[in-house]
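Novice: need a structure here:
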Amino acid sequence: MTVIGLDDTDSRTRGMCTTYVANRVASRLRESGATVERLLLVRLNPAVEFKTRGNAALAIHTDADPETVLALAREELAGAAETDDPMTNPGLVVASGNPAEVPDAVATFARDALREIIPVARARELADDCEYARAGWKNAQGLVGALAAVGSWAAFDDWTAEHISYREPDRWGTERAVDYDSLFAAADEYYPRAWDTVDRVEGEAVCVPHTPCPILYGIRGDDPEACRALAGAIDSEPVFDAATFVTNQGTDAHLAPGDIGSLREYRAYRVSGVVTSEPETRRGGHVFFEFSAPDRDAAIQCAAFEPTKRFRDRVRALREGDRLTVCGEVTGGTLKLEKFAVRELNRTAFQTPRCDGCGNTMKSAGRNQGYRCRDCGTSAPGKVEVEIERELEQGWYEVPPCARRHVAKPLVRGGFDAETHPER
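Specialist: The predicted structure follows:
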């Protein structure tokens with residue numbers, strides 16, 4: 001078996017897509033008589049500053065010999081990669097052997113690539129230590145993703161599917177022609193086997209990109225057959241080519257357990273603590289609150305930004321004293337919320353007392369003198385504790401599909417440690 005890893009062929013402004021390049025390599029391998037066992041789409045650390053939107057690396061598992069693979073892949077990357085973009089720095093790694101039995105250091109490298117910032121020098125050194133063939137263009141930053149893609153089959157055990165349909169090349173960069181009625185109907189038919197296809201509340205076709213890349217739409221889910229069937233039910237412009245990828249999307253593989261006070265920048269965590277400030281909506285519609293360790297010795301600011309839409313209402317419904325588990329990326333000292341679990345709700349509040357005689361709300365009797373009913377003369381020493389209704393329930397809440405990161409796990413997939421409240 002031979003494993004091909006490739007990364008960083010696309011551009012934020014000029015287009016292209018590394019999945020398209022990988023599919024081209026796979027197609028040429030099949031034409032040569034080789035077998036392609038699978039295509040892997042591996043999402044890496046979503047907090048990397050210099051990434052393109054999805055930070056995806058690709059791997060191809062094939063029975064072709066390494067020399068043939070290296071020459072063919074080099075040719076495809078050299079012709080397709082958008083290297084005129086200063087931010088595009090492709091990398092290619094070719095490894096011999098069973099992809100499930102790569103050296104432990106390579107599997108560790110793949111896991112680290114989802115949770116750390118890795119210098120390209122580390123990728124070069126490890127690839128050379130393992131005697132993997134490699135190639136790079138410009139500063140070859142893509143070697144990090146390429147080597148991570150090589151190690152990913154051994155590193156992870158939770159996999160989903162994405163079926164990607166590609167546009168005819170002469171249509172790249174033009175407006176996509178997709179019938180949204182058929183898309184939304186198909187999304188309803190195949191949910192929840194296929195998820196994050198559309199956002200029903202926002203009326204957004206999540207699966208249709210807005211960039212000048214070759215992708216027409218990408219259908220994600222747990223069931224590859226459902227993904228392909230959903231794609232086939234969409235009325236659209238002609239599909240030039242298509243491929244189904246095995247992927248770590250929707251798995252939360254980027255989240256590491258963390259403790260408030262020791263969280264590092266450009267990493268994503270799962271953290272437990274308590275809300276210690278009332279949520280505040282700031283300019284732009286972003287919602288912030290302070291989140292503290294249970295012993296209150298350390299705190300971090302959490303935020304639900306405007307693109308998370310209705311999720312912000314869930315955050316606004318939080319109160320001081322609520323105990324949560326939060327998930328998200330830390331950037332600039334702020335944890336950007338992807339989802340949170342309510343563990344315990346603060347259901348009490350202090351209110352001005354009412355008079356037992358007339359039922360009216362008492363008035364302050366003066367500083368530190370409690371409250372008094374002006375009509376009846378009754379008094380109370382201070383505010384009284386009452387139980388209040390809460391909008392939230394215990395369990396997990398998530399951002400809507402229109403704001404979901406590729407690697408973030410949708411609640412509809414299940415496997416969470418409490419009741420879930422999925423967004424559709």
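Novice: return the list of strands paired to the longest strand that the chain contains, each annotated with direction.
Specialist: Secondary structure of the chain per DSSP state E: the longest strand is strand 334-344. Here strand 334-344 is paired, per DSSP bridges, with strand 299-304 (parallel), strand 323-331 (antiparallel), strand 395-398 (antiparallel).
Novice: show me what counts as buried in that strand.
Specialist: Within strand 334-344, the residues scored as buried using 16 or more other Cβ atoms under 10 Å are T334, L335, K336, L337, E338, K339, F340, A341, V342, R343. For every residue, glycine as well, the C-beta is placed using N, CA and C.
Novice: only alpha carbons, please: show that strand as CSV.
Specialist: Extracted as CSV, the C-alpha positions of strand 334-344 are listed here (Å, rounded to 0.1, in the frame of the first residue of the first chain):
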residue,chain,number,x,y,z
THR,A,334,-11.2,34.9,24.3
LEU,A,335,-12.8,31.5,24.0
LYS,A,336,-14.9,31.5,20.8
LEU,A,337,-17.9,29.3,21.6
GLU,A,338,-18.8,26.4,19.3
LYS,A,339,-21.1,24.6,21.8
PHE,A,340,-21.8,24.5,25.5
ALA,A,341,-23.4,22.1,28.0
VAL,A,342,-25.5,23.4,30.9
ARG,A,343,-24.6,21.2,33.9
GLU,A,344,-26.4,23.2,36.6
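Novice: immediately after that strand, which helix or strand?
Specialist: Downstream of strand 334-344, the first helix or strand assigned by DSSP states H and E is strand 348-351.
Novice: kindly reformat the strands paired with strand 334-344 as CSV containing distance to S165 and mean pLDDT.
Specialist: Compiled in CSV, the strands paired with strand 334-344 are given as follows (distance: least, Cβ to Cβ, whole Å; pLDDT from 0 to 100):
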stretch, distance to S165, mean pLDDT
strand 299-304, 32, 98
strand 323-331, 30, 97
strand 395-398, 27, 98
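Novice: could I get these as TSV with mean neighbour count and distance to F245?
Specialist: Shown next, in TSV, are the strands paired with strand 334-344 (neighbours: other Cβ atoms under 10 Å; distance: least, Cβ to Cβ, whole Å):
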stretch	mean neighbour count	distance to F245
strand 299-304	21	30
strand 323-331	20	24
strand 395-398	21	23
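Novice: number of nearby residues for the residue lying closest to G357 once chain neighbours are set aside?
Specialist: Spatially, and ignoring its direct neighbours in sequence, G357 is nearest to C376 (4.1 Å; Cβ to Cβ, 6 or more residues apart in numbering). Using other Cβ atoms under 10 Å, C376 has 14 other residues around it.
Novice: again with R374
Specialist: Neighbour tally, R374, other Cβ under 10 Å: 12.
Novice: mind checking pLDDT for it?
Specialist: Model confidence at R374, given as pLDDT, is 79.
Novice: distance of the closest residue to it other than its chain neighbours from A298?
Specialist: Nearest in space to R374, with sequence neighbours left out and distances taken as Cβ to Cβ, 6+ apart, is K363 at 6.0 Å. Going from K363 to A298 by Cβ to Cβ, to the nearest Å gives 41 Å.
Novice: and those two? Which one has more around it.
Specialist: Taking other Cβ under 10 Å, K363 and A298 do not tie; A298 has more neighbours (14 against 11).
Novice: burial check on the closest residue to D65 other than its chain neighbours, number of neighbours?
Specialist: Closest residue in space to D65, ignoring its immediate chain neighbours: T2 at 6.8 Å, by Cβ to Cβ, 6+ apart. Applying other Cβ under 10 Å, we find 22 other residues in the vicinity of T2.
Novice: with I4 instead?
Specialist: Neighbour count for I4, taken as other Cβ under 10 Å: 30.
Novice: how about it, secondary structure?
Specialist: For I4, the assignment made with DSSP: H, G, I helix; E, B strand; the rest coil gives strand.
Novice: tell me the bridge partners for it.
Specialist: I60, V94.
Novice: do the same with V36
Specialist: Note on V36: beta-bridge partners T62, judged by DSSP bridges.
Novice: wait, it sits on A59?
Specialist: No: V36 is beyond contact range of A59, at 11.0 Å (criterion: Cβ atoms under 8 Å).
Novice: higher neighbour count, those two?
Specialist: A59 (29 against 20).
Novice: and the more buried one, how far is that from L230?
Specialist: From A59 to L230 the distance is 24 Å (Cβ to Cβ).
Novice: now A155
Specialist: From A155 to L230 the distance is 29 Å (Cβ to Cβ).
Novice: how about R28, nearest residue that isn't a chain neighbour?
Specialist: Closest residue in space to R28, ignoring its immediate chain neighbours: L72 at 5.6 Å, by Cβ to Cβ, 6+ apart.
Novice: helices or strands up against the helix or strand harbouring that neighbour?
Specialist: Using DSSP H and E, L72 sits within helix 66-80. Helices and strands touching helix 66-80, by 3 or more Cβ pairs under 8 Å, 6 or more residues apart in numbering; DSSP states H and E, are strand 2-7, helix 18-31, strand 91-96, strand 133-136.
Novice: A155 and L230: which has the busier surroundings?
Specialist: Remark: of A155 and L230, L230 carries more neighbours, 26 against 22, as counted by other Cβ under 10 Å.
Novice: so what's that one up against?
Specialist: Applying Cβ atoms under 8 Å, 6 or more residues apart in numbering to L230 gives the contacts H163, A186, A187, E189, Y190, A194, T197, I219, G221.
Novice: repeat that for 7 Å
Specialist: A186, A187, Y190, A194, T197, I219 (Cβ atoms under 7 Å, 6 or more residues apart in numbering).
Novice: repeat for G218
Specialist: Counting by Cβ under 7 Å, 6+ apart, G218 has contacts E162, I164, C207.
Novice: tell me where the stretch 301-424 of the chain has helices.
Specialist: 311-316 (DSSP state H, counting those that start in this stretch).
Novice: and A22, how many neighbours does it have?
Specialist: A22: 30 neighbours (other Cβ under 10 Å).
Novice: and for F184?
Specialist: So F184, with other Cβ under 10 Å, has 16 neighbours.
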